[in-house]
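# give me the fold of what follows.
(3 chains)
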Amino acid sequence: MRYYFTLAVTLVILWLGLSGVYKPLLFALGAASVALVVWLTERMEVLGAEHDPATLSWRLLVYWGWLVGQVILSNIAVARAVLDPRRIQPTLIQVPVRQQTNMGRVTYANSITLTPGTVTTWLASNGDRAQVHALLADAVEGLETDAMGQRVQWLEGKPR
Amino acid sequence: MTSVLLGTILAILTTMALALWRAIRGPSVFDTIVGVNVFGTKTVLLIALIAYFSGNNDLVDVALVYALINFLAVIAVLKLVRQRDLAASREPSDD
Amino acid sequence: MIETLITVLSALMLLTGGAFAVIGGVGVVRFPDVYTRLHAGGVTDTIAPLLIVGGLVLQSGWHLLSFKLLLILLFLLFTTPTASHATARAAMAAGIEPVTRDGRSASGDSSSNT
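The predicted model follows:
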């Protein structure tokens, strides 16, 4: 039930932000569209753990801040490699995935892909390891120290 | 400020030209997809910049819709390339 | 005073974002294979939107427009990894071998686009 609540609240905020015109008729239309989407979502049975309000916490904000910092750093590294292509050392490596939940694993794999210089090419179906294509030697070292994986584990908090 | 916006728009246009060149040259279909994906995300930024440059704020909504469509287009094309069928429901098992 | 500072900061972010976009575009043309080009594409897909949207948000301040721009940014940052991963995975499934350190040094650094 609280999944529907989170979805409805998110949709209302989205509608208010995108509309910008606040008149009674439009409010009614907005409420109707939110109701329609919630009903369709229920019919499609696509509501899952990612709509759990418990996944939203202050830890997410801290993690995003850290991730943006990492993205900027690796962007500078890749930009230098573009200007001097002799620096690139493309490698395929396997990294262990230690997250407990599917959410955590997907967050980890997506974070690896988001930082330029590393792309997840494959995630094992049982979710315990991933194959990563890395552009630079530094990125390989970074993955082996598992700094990002530990951050995502911290983000997961207590295992459910 | 207008000249700064214009400079950024020109930079984005240059990037789009480079991405288009890669998309046309290939050599594999995936190079084309990489080029088209970069072209698409840069289009979103271009529209947002033009909205500020021209002072026509409604264009930001167009950029938002474009961001949504571009992602779906890339995924749909990839699925078509891989499975030769947009209606296929199962991923081919490669792992 | 604050006004000027914000304008200068916004201009800097916009121009840096544009510069990173061009560098990423050069990389997409210059790098030797699909996977490395994907990394260059990642540069234009992450830091360019971050800086450009950031610069534009600084210009409009507390406004509905900023909300929409941040929504665009959030959406781009959530979807580009998915698109990159799907492309890399499809290329792997199609049997395209990544250029490795050894293969690259064996053939010199002449890229396929010469």
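# quick check, stretch C:78-89 touching chain A?
Yes: Stretch C:78-89 comes into contact with chain A (CB under 8 Å from any CB of the partner chain), by way of C:78, C:80, C:81, C:82, C:84, C:85, C:88, C:89. C-beta coordinates here come from the backbone N, C-alpha and C atoms, glycine included.
# can you select the buried ones among those for me in ChimeraX?
Paste this into ChimeraX to select the buried members of the residues of stretch C:78-89 next to chain A, with burial taken from 16 or more other CB atoms under 10 Å in any protein chain shown:
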select /C:80,81,82,84,85,88,89
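# for chain B, tell me which of the residues of stretch C:78-89 next to chain A show up nearby.
Among those, the residues that sit close to chain B (CB under 8 Å from any CB) are C:80, C:82, C:84, C:89.
# farthest pair within these?
C:80 and C:89 (14.6 Å; CB to CB).
# closest one to chain B out of the residues of stretch C:78-89 next to chain A, please.
Closest approach to chain B among the residues of stretch C:78-89 next to chain A (CB to the nearest CB): residue C:80, at 6.6 Å.
# what's near enough to touch the closest one?
Residues counted as contacts of residue C:80 (CB atoms under 8 Å, 6 or more residues apart in numbering or on different chains) are A:114, B:37, B:41, C:42, C:45, C:46.
# helices or strands up against the helix or strand containing the second one?
In other words, residue B:37. Under the criterion of DSSP states H and E, residue B:37 resides in helix B:29-54. Other helices and strands packing on helix B:29-54, by 3 or more CB pairs under 8 Å, 6 or more residues apart in numbering or on different chains; DSSP states H and E, are helix B:2-25, helix B:59-83, helix C:2-30, helix C:34-60, helix C:64-93.
# now do it, average pLDDT.
Helix B:29-54 comes out with an average pLDDT of 90.
# got it, and stretch C:92-110?
Average pLDDT, stretch C:92-110: 60.
# give me the residue at the spatial middle of chain B.
residue B:40 (0.9 Å; CA atoms, centre = their mean).
# nearest residue to whatever residue of chain B ends up closest to chain C in space, please, no chain neighbours.
Proximity of chain B to chain C (CB to the nearest CB) peaks at residue B:11, 3.0 Å away. Spatially, and ignoring its direct neighbours in sequence, residue B:11 is nearest to residue C:18 (3.0 Å; CB to CB, 6 or more residues apart in numbering or on different chains).
# contact partners for the one you found?
Residue C:18 neighbours (CB under 8 Å, 6+ apart): B:7, B:8, B:10, B:11, B:12, C:48, C:52.
# please indicate which of these are buried?
Of the contacts of residue C:18, these count as buried by 16+ other CB under 10 Å: B:8, B:11, B:12, C:48, C:52.
# distance of the nearest residue to the last one once chain neighbours are set aside from residue C:78?
The spatial neighbour of residue C:52 that comes closest, neighbours along the chain excluded (CB to CB, 6+ apart), is residue C:17 at 4.0 Å. When CB to CB, to the nearest Å is the yardstick, residue C:17 and residue C:78 sit 19 Å from each other.
# try residue C:45
Distance from residue C:45 to residue C:78, by CB to CB: 11 Å.
# where does chain A dip in pLDDT?
Confidence mapping of chain A against pLDDT under 70 gives the ranges A:48-56, A:158-160.
# list the contacts of the residue nearest to the spatial centre of it.
Compute the mean C-alpha point of chain A, and by CA atoms, centre = their mean the closest residue is residue A:107, 4.6 Å away. Listed by CB under 8 Å, 6+ apart, the contact set of residue A:107 reads A:99, A:152, A:155.
# residue B:57 too?
Residues near residue B:57 by CB under 8 Å, 6+ apart: B:51, C:65.
# now do the SS call for it.
coil (DSSP: H, G, I helix; E, B strand; the rest coil).
# report pLDDT for it.
83.
# repeat for residue B:85
If you check residue B:85, the pLDDT there is 69.
# and chain A, which residues reach chain C?
Residues of chain A lying near chain C (CB under 8 Å from any CB): A:14, A:17-18, A:20, A:68, A:71-72, A:75, A:78-79, A:81-83, A:85-86, A:88-92, A:109-111, A:113-122, A:133, A:135.
# which of these fall in strands?
Counting by DSSP state E, the part of these found in strands is A:91, A:92, A:118, A:119, A:120, A:121, A:122, A:133.
# return only those of the residues you listed found close to chain B.
Near chain B, judged by CB under 8 Å from any CB, the entries from those are residue A:122.
# neighbours around residue A:105, how many?
20 (other CB atoms under 10 Å in any protein chain shown).
# my read: it touches residue A:99, true?
Yes: contact criterion CB atoms under 8 Å: residue A:105 and residue A:99 qualify, at 4.7 Å.
# where do the contact lists of those two overlap?
residue A:127.
# could you check how far the residue nearest to residue B:11 is from residue A:127?
Using CB to CB, we find residue C:18 at a distance of 39 Å from residue A:127.
# thanks a lot, catch you later.
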